[in-house]
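*Asks:* what shape does this take:
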Amino acid sequence: MTKKPLIKGIGKLNVDLVFDKLPRLPEPGEELYAASFEPLLGGGVPSMLYHAASFGAEIELLTYIGKGYFSEFVREKLAEKRIAYRNLMPDGATGSGINVTSVMLTPGERSFVTCSDEYTASDSEVYLYLKDADAVIVEYGKYLDVYKKLRRSGKVLIGDFGYSPDMDMNEMSEYLEVLDYYLPNELEARKLTGKSNLTDALTALSAFVPHPVVTLASKGAAFLNDGITVTVPTTSVTENGFDKEIPLTDANTEIVDATGAGDAFTGGFCFGVATGCGLERSIRFGHAAAGGVVMKKGCY
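*Replies:* This next block holds a predicted model:
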C-alpha cells in the first residue's frame, strides 16, 4: 500500500491519577496508602488512535481542551506522544473539557472514580472533520446522524463502547447498526446479548453488525466464519512471523496493569482493517498493540 491510512475519531481525553499496589479499596472514612502514584494521559479514543499510529497510520483526534492545569497537562502529553488533534472546545468556554479519573489498582482488580467536563460539537462540524478519513472510530451516545452519513459514503466504522452495568441492546442497536466492526470484550458481549455461550453471543451481535469480534483477554479474540467461531490466540503474533514483537501474555504472566489493553487492541485492529487486512491479521495487529500495554502502567 503506497498511502498511509487516515484514521480519525472523536473522544474525550482523560487524566488518569493512578494509585498503584493498594492492598484493597478503603472502607468509608478509612485512609490507605498506595505504593506509588503517577498522573498519566488516558482516554479511550485517544489511546486507540495512538496505537493505530504506532503501526504507521495517519491519525487525527477530535477532542475538547479548555483551560486549567489538566488541560495543559494533556497538551504536553499529546505533543510527547505525537497525537495529532483538533480542538473542538467552544469559544468562551471556561471548563477544562477533560475527564479526570482516580485509578485504584488493587490485587487483580481496577476501580475508577471520574469527574467529567462535558461539551458537544455540532453535527456539521464533526462531519466536516471526519469525512476524509479512511476509517472512523465511533463515539457511543453522540453524532449518530454523522455516523450514518459516513457509513452511506463508504467509510469504515469501528466501535468499542466499553462496559456499563445497564447495557441494553434496544438502546445500543442504532449505534451497532452503523458499524462495520464491533469489538466488545467477553463480559460486554454476554451482558449485551444475554447469551452465556460465546458463539451464541457472536451470532446475536451479527444481527446488527457485519463483523463482531469479541476479545478474550489472554486467550485472544474470536469472530464468526460461516457460523463457526474462530479464535485467534495472542500467540499467533509471533507464531506467524508478525512484524511487531510483543511480550506474550498468558495465564502465568504477571500483568502490571490491564488498563487500556482493550483500547490498544482496537487501535491495532483499526490499522489492520484500514489497510485492507482480513479479520485474522487485523486481530493480530490488535494483539500486538495490547500485548505491550499490559506489561506497564498506563494506556500508552
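*Asks:* from Leu279, how far out is the closest residue to Ile59 other than its chain neighbours?
*Replies:* In space, not counting the residues next to it along the chain, Ile59 is nearest to Leu49; the distance is 4.2 Å by C-beta to C-beta, 6 or more residues apart in numbering. Any C-beta I mention is one placed from the backbone N, CA and C, and that applies to glycine too. Taking C-beta to C-beta, to the nearest Å as the measure, Leu49 falls 21 Å from Leu279.
*Asks:* go on, Thr199?
*Replies:* Taken as C-beta to C-beta, the spacing of Thr199 relative to Leu279 amounts to 16 Å.
*Asks:* the more surrounded of these two?
*Replies:* A side-by-side neighbour count of Thr199 and Leu279, using other C-beta atoms under 10 Å, places Leu279 first with 19 against 14.
*Asks:* surely that one meets Val213?
*Replies:* Yes - using C-beta atoms under 8 Å, Leu279 is in contact with Val213, at 6.9 Å.
*Asks:* joint contacts of the two?
*Replies:* Taking C-beta atoms under 8 Å, 6 or more residues apart in numbering as the contact criterion, the common neighbours of Leu279 and Val213 are Phe223.
*Asks:* which residues does Gly194 contact?
*Replies:* Met169, Ala204.
*Asks:* tell me where the stretch 1-150 of the chain has helices.
*Replies:* Using DSSP state H, counting those that start in this stretch, the helices found in the stretch 1-150 of the chain span residues 44-53, 69-81, 123-130, 144-152.
*Asks:* partner residues bridging Val100?
*Replies:* Beta-bridge pairing of Val100 under DSSP bridges involves Val15, Cys115.
*Asks:* number of nearby residues for it?
*Replies:* Here the count is done by other C-beta under 10 Å, and Val100 has 20 residues near it.
*Asks:* not counting its neighbours along the chain, what's nearest Ala204?
*Replies:* In space, and not counting its chain neighbours, Ala204 is closest to Thr193: 4.0 Å by C-beta to C-beta, 6+ apart.
*Asks:* what's the burial count for that neighbour?
*Replies:* Applying other C-beta under 10 Å, we find 21 other residues in the vicinity of Thr193.
*Asks:* how near is it to Gly276?
*Replies:* 29 Å.
*Asks:* tell me the contacts of the residue nearest to Ala204?
*Replies:* Thr193 makes contact with Met169, Asp200, Ala201, Ala204, Leu205 under the criterion C-beta under 8 Å, 6+ apart.
*Asks:* just put those residues in JSON lines and tack on pLDDT, distance to Gly11 and secondary structure.
*Replies:* Conversion of those to JSON lines gives the following (pLDDT from 0 to 100; distance: C-beta to C-beta, whole Å; DSSP: H, G, I helix; E, B strand; the rest coil):
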{"residue": "Met169", "pLDDT": "94", "distance to Gly11": "23", "secondary structure": "helix"}
{"residue": "Asp200", "pLDDT": "97", "distance to Gly11": "31", "secondary structure": "helix"}
{"residue": "Ala201", "pLDDT": "97", "distance to Gly11": "26", "secondary structure": "helix"}
{"residue": "Ala204", "pLDDT": "97", "distance to Gly11": "27", "secondary structure": "helix"}
{"residue": "Leu205", "pLDDT": "98", "distance to Gly11": "22", "secondary structure": "helix"}
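*Asks:* only whichever of these are buried, select them in PyMOL.
*Replies:* Here the buried members of those are turned into a PyMOL selection, burial being counted by 16 or more other C-beta atoms under 10 Å:
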select buried, resi 201+204+205
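*Asks:* with the contacts of Thr193 in mind, which one is nearest to Gly159?
*Replies:* Here the nearest of those to Gly159, counting by C-beta to C-beta, is Leu205; it sits at 11.1 Å.
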